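*Asks:* got a structure for you, letters missing:
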């Protein structure tokens, strides 16, 4: 999990904002699933996780808003959704200006700085890890999490890095 979060930070440093945003929007799903009895994600778990670990930083953007946006972006590639509170979410790329524009409502749209948003989710996930990482539930569900094996995964492939 920590490697996944670090890769989000690396993608931000490389100005790979699509990759950073898509990966960040998956984090509440992953955390909600890992910390559940069933080991499965749900919209309810996503909303609860976001509200607890990130939501206090976003007065105009709730877990429910984020979940709807996540569904729209990850499944349709769209920043617009007919049942959303805002006509669209406007993520400003930090390299575009020296000014920071974040957590603003502009007419009927919500403006969020993409780097700040992704880092807030990463920070929330790291805090969450500190709370759950040693629990039996985490250990059981994390064992199924996709991760990098730098020397392969015996008995399948040995000697080269793989992700599985």
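*Replies:* It's in. This one's a predicted model, so the numbers in the text were calculated from it and none came from an experiment.
*Asks:* ranges for the helices of this protein?
*Replies:* In the chain, the segments counted as helices under DSSP state H are 2-13, 17-34, 43-53, 63-76, 114-132, 136-142.
*Asks:* Residue 91 is nearest to which of these?
*Replies:* With C-beta to C-beta, the closest approach to residue 91 among those belongs to helix 114-132: 4.0 Å. All C-beta spots, glycine's among them, are computed from the backbone N, C-alpha and C.
*Asks:* Tell me the buried residues in the closest one?
*Replies:* Neighbour-count burial for helix 114-132, counted by 16 or more other C-beta atoms under 10 Å, picks out 114-122, 124-125, 128-129.
*Asks:* ok, which pair from the residues you listed is furthest apart?
*Replies:* Going by C-beta to C-beta, the pair spanning those furthest: 114 and 129, at 22.7 Å.
*Asks:* Can you list the low-confidence ranges for the chain?
*Replies:* Within the chain, no stretch falls below the threshold (pLDDT under 70).
*Asks:* If we use 90, what do you get?
*Replies:* By pLDDT under 90, the weakly predicted segments of the chain are 78-84, 92-101.
*Asks:* For residue 163, which of the helices of the chain is the nearest?
*Replies:* helix 2-13 (10.0 Å).
*Asks:* Just want the angle from the closest one to helix 17-34.
*Replies:* Helix 2-13 and helix 17-34 are oriented at 160 degrees to each other (axes from the mean of the first three to the mean of the last three C-alpha atoms, to 10 degrees).
*Asks:* contacting residues for the closest residue to residue 67 other than its chain neighbours?
*Replies:* Counting by C-beta to C-beta, 6 or more residues apart in numbering, the nearest residue to residue 67 once its immediate chain neighbours are dropped is residue 46, at 4.8 Å. When contacts are counted by C-beta atoms under 8 Å, 6 or more residues apart in numbering, residue 46 touches 28-29, 32, 63, 66-67, 70.
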